[in-house]
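> structure for this input, please:
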Amino acid sequence: MPRKSSQTNEELENEKIEEVPNNLQSEMENVSRMLAAVLDYLADEENEEIDIEYLFDKTEGLREWRKQYQEKNRKLIEEEIKKSLGDLSFEELQKIREQIR
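Model prediction:
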């Protein structure tokens with residue numbers, strides 16, 4: 001006779017649902033921390049110019065977050081371009097092709 005699982009399917013589903021908000025909360029806290037570090041840097045009157053490399057080096061996770069953001073944004077731009085290609089004339093498509101080469 002099969003043994004009854006110690007957790008029901010409903011309990012497992014509830015655990016999965018609770019995990020997502022925790023991950024989201026953690027991500028929000030991380031982004032909030034990075035934003036605070038950047039704002040502190042920008043508010044420092046001793047800084048005469050913005051050194052983005054300094055910010056990336058001194059703000060843990062900022063460089064990686066930016067790469068992820070850029071990649072996500074890149075995919076959106078690619079989709080936007082693909083959708084708009086059908087509206088272009090043949091001549092416009094040829095011009096784009098020449099620019100790409």
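> what about Pro97, which helix or strand?
No, residue 97 isn't Pro; it's Arg. Arg97 is part of helix 90-100 when elements are defined by DSSP states H and E.
> and that helix, how far out from the chain middle?
Averaged C-alpha coordinates place helix 90-100 at 31 Å from its chain's average position (Cα atoms, centre = their mean, to the nearest Å).
> now do stretch 33-45: everything it contacts.
Residues lying outside stretch 33-45 but in contact with it, judged by Cβ atoms under 8 Å, 6 or more residues apart in numbering, are Asn47, Ile50, Tyr54, Leu55, Lys58, Thr59, Glu60, Gly61, Leu62, Trp65. Where you see a C-beta, it was placed from the backbone N, CA and C, and this is true even at glycine.
> quick one: which of those residues sit in strands?
Among the contacts of stretch 33-45, no member falls in strands (DSSP state E).
> how does this protein divide into domains?
6-60, 61-101 (automatic domain parsing).
> now mean pLDDT and mean neighbour count too, for these, in a markdown table please.
Supplementary listing: these in a markdown table, determined by pLDDT from 0 to 100; neighbours: other Cβ atoms under 10 Å:
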| stretch | mean pLDDT | mean neighbour count |
| --- | --- | --- |
| domain 6-60 | 84 | 11 |
| domain 61-101 | 93 | 10 |
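> state the helix or strand in which the spatially most central residue of the chain lies.
Central residue of the chain (Cα atoms, centre = their mean): Tyr69, 3.3 Å from the mean position. Taking DSSP H and E as the definition, Tyr69 sits inside helix 62-85.
> report the inter-axis angle for that helix versus helix 90-100.
Computed with axes from the mean of the first three to the mean of the last three Cα atoms, to 10 degrees, the direction of helix 62-85 lies at 150 degrees from that of helix 90-100.
> sorry, back to before: how near is the residue nearest to the centre of the chain to Glu98?
Counting by Cβ to Cβ, to the nearest Å, the gap between Tyr69 and Glu98 amounts to 31 Å.
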